[in-house]
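*Asks:* Predicted model and sequence follow; I will ask about them next.
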Amino acid sequence: MTEPSDPLISIRDVSKRFGTFKAVDGVSLDIRRGEFFSLLGASGSGKTTLLRMLAGFEAVSDGRIVIDGQAMEEVPPHFRPINMVFQNYAIFPHLNVRDNIAYGLRKFRPTPAQREAMVDEMLDLIKLPGYGNRRAHELSGGQRQRVALARALILKPKVLLLDEPLGALDKQLREQMQLELRLLQQKLGITFVLVTHDQEEALTLSDRIAVMSKGAVIQVDTPTGLYERPKNRVIAGFIGNMNFFDATPSSTGSPQVDVQGLGLVAVNGRVRARSDGATTLIAIRPEKLALHSEAPVTGGVAGVVQALQYLGGRHMVHVTLAGRDTPVAVALQGGQADVTLTPAPGQPVWISWKDDAVLVLDAD
Amino acid sequence: MSGRSHSHRPNRGLQAYAALFMVFLYGPILIIPLFSFVDALYVRFPIEALTFRWYGELWRREPVIDALGNSLYVAAIVSVVSTAIGVFAAKAIARNRVPGTGAIVTFMMLPLVVPGIIFAVAILIVLNRMGVALSLYTVMAGHLVVCLPFAIWSLLPRFEGFDPSMEEASGDLGENGWWTFWRVTFPIMAPGIAASLLMTFTVSFDEFIMAFFLSGTQQTLPIFVWGQLRFPSQFPSILALSTLILAASFATVFLSLWIGRIGLPKAATGEIPK
């Protein structure tokens, strides 16, 4: 196995300008061998431009892309060890499924028997045996997507690029294809680079995710990392619930912030006191908050249960705190020690948290 | 379903109008094939006897065969050249939307609306100045001007509907520009190219004004027909010739429609399991 220090794709300070517009702005990323890597961002965030630069359809304005030790500047798309699944799949309409899948084999001059064997193997892999003679327009969206996959994978690329491959499918099919895509990637061990705007898709599929916004990479992390240590409010809101609090850095200079409704909160020394005293944003996951029916010995904040939400297997308790408009959500795991009874609306409660549950987010 | 709605009821008046319209427009054309079979020198009723002899006479006259050969030669070359130029022009217009594209397209379409005689005279003056002798090649040059708009006109919609990611996919799968053109672009465009070939061939084959000004000693078929109108004794065989041209034109149109359907989606066959 190759070490993580030897990335398959190395992107260094890469920028792309269209006229005066910077679509990609100084991005550096390492993508490891065999990794399922996602570029996640809204439209216009530069993720597709970055993908197209990897494929070679767009030239790099600044910076360097190295794939498997080879610099890519002068390498046209048809010589890159990369294949791509296009957003609309781009299945050739004048060819049947078999000829679509075999399209890239011409250069390898296989014998007809080899060609047929390779195509059959791919048809089995994408679970469409017997569909070889169909035309593109005789296939459903999900089938087209599989043909596009097979057409790329038959060339045994080092990297497979996927440009919003599931966007055109309905929800049920999309979830099924997500699972198949993940299993396929694990089976083949090929590095996948996926572009998506769907946070859930990125989180369920990927080993690591680069979150992009306005042409820059904001955070690169595992799905767990993005959940546990989000850098800003947008990432923090990707999955699950989150309690956000406006906070003012404490004037004492100690690692504390003054939070409306919570009082002074210790923040692991991660917040820099800003000279202008502007508010900063902190966040706590509902499941990191503990609920008590009696005042804890230290550090509890008193509140009143406003509402109770049953979420299947667990409850979400919304607690109103003095001096704060938005109630705080507390996730109640089954069998939490301090709560013997499910709290009723109107009941006085106390919430507490550990210091490391408090996340300090970037301004934006 | 219940009976026809009000707006779909047959309208006797409109039907009669449509029938009259068709007779007025296309009726005169039917005179030509009809009298090409009549055993008389002049077009007049009642018809006394029918004959095939005008057709027989046609094939015994060498100038007819020569003119036909010239026309086919000119039309073949003009259709191939104008379609080839049209492919590149249409691709450039569809892909590279730059300021001024609209003006350029309008300029290229000018020969459709500018009277042919103006273009013909202009080209004749230039050729005279350059000292180029008139021949079938100068006719071809004139026909190229006339045919290019038709080529672009039949190719441009296909290129505009062509998904550029098809070509990118081909590049991604390892093919360079040359192979991508022959393996993806050309096959997808083939019906449009065939339509353009047939269209420009017909336009060139039928063209009169350019050929009139720009031909030398070798005549094309329309020029020959026009020249023969001066001789009453030749008239019936000209009718026979015109009938053949008419039939060939119809055949070409139906052929182009048939070819145009090739490669288009057939109705999807049955239900496709997931």
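*Replies:* Looks like it came in fine.
*Asks:* C-alpha only now, for contacts and for neighbours.
*Replies:* Noted.
*Asks:* Of all the residues in the stretch 101-250 of chain B, which one is nearest chain A?
*Replies:* Ranking the residues of the stretch 101-250 of chain B by distance to chain A (Cα to the nearest Cα) places B:Gly174 first, at 4.0 Å.
*Asks:* So that residue versus A:Gly142, what's the distance?
*Replies:* According to Cα to Cα, to the nearest Å, B:Gly174 and A:Gly142 sit 24 Å apart.
*Asks:* try A:Ala136
*Replies:* To A:Gly142, A:Ala136 is 12 Å away according to Cα to Cα.
*Asks:* Now do the helix or strand in which B:Tyr17 is found: everything it contacts.
*Replies:* Following DSSP states H and E, one finds B:Tyr17 within helix B:12-35. Helix B:12-35 has contacts (Cα atoms under 8 Å, 6 or more residues apart in numbering or on different chains) with B:Val43, B:Pro236, B:Leu239, B:Ala240, B:Ser242, B:Thr243.
*Asks:* cool, and stretch B:86-102?
*Replies:* B:Val105, B:Leu148, B:Ala151, B:Ile152, B:Leu155, B:Leu156, B:Phe159, B:Glu160, B:Ile193.
*Asks:* OK, contacts around the nearest residue to the residue of the stretch 101-250 of chain B closest to chain A once chain neighbours are set aside?
*Replies:* Nearest non-adjacent residue to B:Gly174, counting by Cα to Cα, 6 or more residues apart in numbering or on different chains: A:His78, 4.0 Å away. By Cα under 8 Å, 6+ apart, the contact set of A:His78 is B:Gly171, B:Asp172, B:Leu173, B:Gly174, B:Glu175, B:Asn176.
*Asks:* Swap in 10 Å and give it another go.
*Replies:* Shown in contact with A:His78 (Cα atoms under 10 Å, 6 or more residues apart in numbering or on different chains): A:55-57, A:104, B:168-177.
*Asks:* A:Gln185 now?
*Replies:* A:Gly34, A:Glu35, A:Phe36, A:Leu160, A:Leu179, A:Thr191, A:Phe192, A:Leu205.
*Asks:* The spatially closest residue to the last one that is not a sequence neighbour: helix or strand, and which one exactly?
*Replies:* Translated: A:Leu205. Distance criterion Cα to Cα, 6+ apart; nearest residue to A:Leu205, sequence neighbours excluded, is A:Arg182 at 6.0 Å. Using DSSP H and E, the element containing A:Arg182 is helix A:171-188.
*Asks:* Please name the nearest non-neighbouring residue to A:Ala42.
*Replies:* Counting by Cα to Cα, 6+ apart, the nearest residue to A:Ala42 once its immediate chain neighbours are dropped is A:His197, at 5.3 Å.
*Asks:* Go ahead and confirm that neighbour touches A:Lys47.
*Replies:* Yes - taking contacts as Cα atoms under 10 Å, A:His197 lies within contact range of A:Lys47: 9.0 Å.
*Asks:* can you pick the most crowded of the contacts of A:Gln185?
*Replies:* A:Phe192 (29 neighbours; other Cα atoms under 10 Å in any protein chain shown).
*Asks:* Where does the prediction get shaky in chain B?
*Replies:* When residues are selected by pLDDT under 70, those of chain B lie in B:1-8, B:43-44, B:257, B:259-274.
*Asks:* who's in contact with the helix or strand where A:Val317 lies?
*Replies:* Using DSSP H and E, A:Val317 sits within strand A:315-321. The contact list for strand A:315-321 (Cα under 10 Å, 6+ apart) reads A:241, A:260-262, A:286-287, A:291, A:301-310, A:326-334, A:342-351.
*Asks:* try stretch B:121-128
*Replies:* By Cα under 10 Å, 6+ apart, stretch B:121-128 touches B:116-119, B:129-134, B:138-139, B:141-142, B:145, B:209-210, B:213-215.
*Asks:* 8 Å instead?
*Replies:* Stretch B:121-128 has contacts (Cα under 8 Å, 6+ apart) with B:Ala133, B:Gly142, B:Phe213, B:Leu214.
*Asks:* Same question for that stretch: list its buried residues.
*Replies:* Residues B:Ile123, B:Leu124 are the ones in stretch B:121-128 that count as buried (16 or more other Cα atoms under 10 Å in any protein chain shown).
*Asks:* just checking, next helix/strand downstream of the helix or strand that contains A:Leu264?
*Replies:* Using DSSP H and E, A:Leu264 sits within strand A:263-266. As assigned by DSSP H and E, the chain's next helix or strand after strand A:263-266 is strand A:280-284.
*Asks:* same for that next one, what does it pack against?
*Replies:* strand A:243-249, strand A:359-361 (3 or more Cα pairs under 8 Å, 6 or more residues apart in numbering or on different chains; DSSP states H and E).
*Asks:* I'm done for today, thanks for sticking with me.
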